[in-house]
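K.L.:
have a look at this fold, sequence not included:
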Ligand SMILES: Nc1nc2c(ncn2[C@@H]2O[C@H](COP(=O)(O)OP(=O)(O)OP(=O)(O)O)[C@@H](O)[C@H]2O)c(=O)[nH]1
């Protein structure tokens, strides 16, 4: 056996024999208590585990109250205490293991006080806390204006609530619950909770701080099953029925309020969405109307109101575009000018409205005779102009003949018989638009001069 191994055995044997003295809270069940001189409670069960997982043996140092237990720890009358929260004050004379037991803290009052969610809900009511308890250190630090009354024990605190000496008592759920049941303080109820929860650890006097790693290791080894067994054993107590129901009522009421808030929000949202939907539809309709109006405006800016043929402005811009093609590709196109014969007579004899009708009917006949690609426009009054792309003089004369024949065969308003005069001109190399149109006009003038109801082509 090596020398090093002998040394380890020696150290373990020495530590195994080491007695540790622990101070207790005699009156903090189910966490810890001394009943008939026997240490009992949650701490006592964990102590059994520590006995197995560490090399130490333990001796109890009795104390009449928690307050005196603290004094014992400060004066090193014992080495450790098994269950307490870490606080700034306690850290001055104790060092702590990692926490190994957790529990909620609650508020107790008579049933006439409304449910309290957190310490701020206590307002200017008097709150009782046990002397030396962690809450007595933390509440004044966080809520300096809180009216506190210091109690010697939890039992005294709860009785003080029952007798109306204080309004609220704060402490650990498990110990409060047990005390209420044991003392049969049935008029009290657990009436709120506080965010501070118990995180219970072993507190070592500073002289014994070196023991912490061994105990932390032991705490790490405690299984969930062991934790649960202890918790169930000591906290599986009947909670005052009234208390439970009250909490349940509050939870149910809170859930109902939240549900109705969501319902209300959903309804508001649905209304907003419906209104938005309507507005969008309205906007969509306005947009459609605007588009329609714009299209109509565009149409009107290019068309003649009476005949719905293109107007002079549009015709000129189209002819310009087309004319550039004519010059570029040296193709031949023709222009045809048409004038209704003796139209003034129709107006004079039958009235302007009939004249308008005849103009419209003629426009229809003209559109029917023309080919796709031909562009007809009202030039002014009873005069019309047609661009005949890629059309020679001969072809344009043939088309004009078809038109003259169609007009001759049409029965106009009031059985009016109408004739037309037509002048055509063909585009030439080095032509310009004005002279091209003028040549058609000259040809039309010739047709008029030669008795009307005929076609004349400008001789190039
Ligand atoms: N109803 C109607 N008449 C129009 C319109 N624009 C022009 N006029 C008429 O058309 C007539 C044209 O008369 P004139 O220029 O003497 O020609 P015309 O009577 O056809 O005789 P010729 O052309 O020589 O055969 C005038 O009485 C104008 O008032 C229109 O939009 N509607």
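P.N.:
That came through fine. All values reported here derive from a predicted model rather than from experimental measurement. Numbers count the residues shown, from 1 in each chain.
K.L.:
for stretch 76-89, buried residues please.
P.N.:
Neighbour counts over stretch 76-89 (16 or more other Cβ atoms under 10 Å) mark 78, 79, 80, 81, 82, 83, 84, 85, 86, 87 as buried. Where you see a C-beta, it was placed from the backbone N, CA and C, and this is true even at glycine.
K.L.:
which parts of the chain sit against the ligand?
P.N.:
By the criterion of Cβ under 6 Å from any ligand atom, the positions of the chain lying close to the ligand are 306, 339-345, 347, 352, 355-356, 359, 381-382, 448, 452.
K.L.:
among those, name the buried ones.
P.N.:
Under a neighbour-count criterion of 16+ other Cβ under 10 Å, the subset of these counted as buried comprises 339, 340, 341, 343, 347, 355, 359, 382, 448.
K.L.:
can you list these in CSV and add secondary structure and pLDDT?
P.N.:
As requested, these are arranged in CSV below (DSSP: H, G, I helix; E, B strand; the rest coil; pLDDT from 0 to 100):
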residue, secondary structure, pLDDT
339, strand, 98
340, strand, 98
341, coil, 98
343, helix, 97
347, helix, 97
355, helix, 97
359, helix, 98
382, coil, 97
448, helix, 97
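K.L.:
which among those gets closest to the ligand?
P.N.:
Distance to the ligand across these (Cβ to the nearest ligand atom) is lowest for residue 355, with 2.5 Å.
K.L.:
hang on, the closest one packs against residue 346?
P.N.:
Yes: counting by Cβ atoms under 8 Å, residue 346 is a contact partner of residue 355 at 5.3 Å.
K.L.:
hmm, back to that, take the buried residues of stretch 76-89 and lay them out in CSV including distance to residue 208, secondary structure and pLDDT.
P.N.:
What follows is the buried residues of stretch 76-89, written out as CSV (distance: Cβ to Cβ, whole Å; DSSP: H, G, I helix; E, B strand; the rest coil; pLDDT from 0 to 100):
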residue, distance to residue 208, secondary structure, pLDDT
78, 9, coil, 96
79, 5, coil, 97
80, 6, strand, 96
81, 11, strand, 96
82, 13, strand, 96
83, 16, strand, 95
84, 15, strand, 94
85, 19, coil, 93
86, 16, coil, 93
87, 19, coil, 91
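K.L.:
shaky segments in the stretch 351-460 of the chain?
P.N.:
Across the stretch 351-460 of the chain, the ranges flagged by pLDDT under 70 are 460.
K.L.:
hey, where'd the strands end up in it?
P.N.:
When assigned using DSSP state E, counting those that start in this stretch, the strands of the stretch 351-460 of the chain occupy the ranges 375-380, 383-388, 420-426, 455-457.
K.L.:
what's the answer for the stretch 151-300 of the chain, then?
P.N.:
In the stretch 151-300 of the chain, the segments counted as strands under DSSP E, counting those that start in this stretch are 168-172, 189-205.
K.L.:
mean neighbour count, these: which tops it?
P.N.:
Ranked by average neighbour count under the criterion mean count of other Cβ atoms under 10 Å, those are headed by strand 168-172 at a mean of 26.
K.L.:
I'd like the strands of the stretch 351-460 of the chain written out as TSV, with distance to residue 317 added.
P.N.:
Listed next are these as TSV, based on distance: least, Cβ to Cβ, whole Å:
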stretch	distance to residue 317
strand 375-380	11
strand 383-388	11
strand 420-426	20
strand 455-457	26
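K.L.:
pick out the residue nearest the middle of this protein.
P.N.:
When the chain is reduced to its mean C-alpha position, the closest residue under Cα atoms, centre = their mean turns out to be residue 269, at 12.2 Å.
K.L.:
quick one: the helices in the protein?
P.N.:
With helices called from DSSP state H, the chain shows them at 3-16, 42-53, 66-74, 134-142, 154-162, 173-183, 212-221, 224-235, 241-302, 312-329, 343-350, 352-369, 393-409, 433-449.
K.L.:
specify the angle between the longest one and strand 375-380 in degrees.
P.N.:
If I follow you right, that is helix 241-302. What separates the directions of helix 241-302 and strand 375-380 is an angle of 70 degrees, with axes from the mean of the first three to the mean of the last three Cα atoms, to 10 degrees.
K.L.:
so the closest residue to the ligand within the stretch 51-200 of the chain bridges to which residues?
P.N.:
Here the residue of the stretch 51-200 of the chain nearest the ligand is residue 117; by Cβ to the nearest ligand atom that distance is 87.1 Å. The residues listed as beta-bridge partners of residue 117 by DSSP bridges are residue 193.
K.L.:
is it true that it touches residue 192?
P.N.:
Yes: under the criterion of Cβ under 8 Å, residue 117 lies in contact with residue 192, with a separation of 6.0 Å.
K.L.:
which of the strands of the stretch 151-300 of the chain has the lowest average pLDDT?
P.N.:
Per-segment confidence across these bottoms out at strand 189-205, which has a mean of 88 in mean pLDDT.
K.L.:
show me where pLDDT drops low in the stretch 151-300 of the chain?
P.N.:
In the predicted model, the stretch 151-300 of the chain carries pLDDT under 70 at residues 236-248.
K.L.:
if we use 50, what do you get?
P.N.:
Scanning the stretch 151-300 of the chain with the threshold set as pLDDT under 50 gives 237-243.
K.L.:
returning to that earlier point: tabulate the helices of the chain (TSV), appending distance to residue 377.
P.N.:
TSV is the format used below for these (distance: least, Cβ to Cβ, whole Å):
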stretch	distance to residue 377
helix 3-16	117
helix 42-53	105
helix 66-74	110
helix 134-142	91
helix 154-162	103
helix 173-183	96
helix 212-221	100
helix 224-235	96
helix 241-302	9
helix 312-329	4
helix 343-350	17
helix 352-369	10
helix 393-409	15
helix 433-449	11
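K.L.:
pretty sure residue 335 contacts residue 386?
P.N.:
Yes: using Cβ under 8 Å as the test, residue 335 is close enough to residue 386 to be in contact (7.1 Å).
K.L.:
residue 432 and the ligand, how far apart?
P.N.:
Distance, residue 432 to the ligand, using Cβ to the nearest ligand atom, to the nearest Å: 27 Å.
K.L.:
how about the nearest residue to residue 219, chain neighbours excluded?
P.N.:
What sits nearest to residue 219 in space, not counting adjacent residues and going by Cβ to Cβ, 6 or more residues apart in numbering, is residue 100, at 4.7 Å.
K.L.:
the residue of the stretch 151-300 of the chain at minimum distance from the ligand: neighbour count?
P.N.:
Of the stretch 151-300 of the chain, the residue with the smallest distance to the ligand, taken as Cβ to the nearest ligand atom, is residue 300 at 16.0 Å. Taking other Cβ atoms under 10 Å as the neighbour definition, residue 300 ends up with a count of 11.
K.L.:
so it versus residue 162, what's the distance?
P.N.:
If you measure residue 300 against residue 162 using Cβ to Cβ, to the nearest Å, the figure is 93 Å.
K.L.:
go on, residue 348?
P.N.:
Computed as Cβ to Cβ, the residue 348 to residue 162 distance reads 119 Å.
K.L.:
do residue 180 as well
P.N.:
As judged by Cβ to Cβ, residue 180 and residue 162 stand 9 Å apart.
K.L.:
so if I had to pick from these two, which one is more boxed in?
P.N.:
Ranked by neighbour count (other Cβ under 10 Å), residue 180 and residue 162 place residue 180 first, with 25 against 17.
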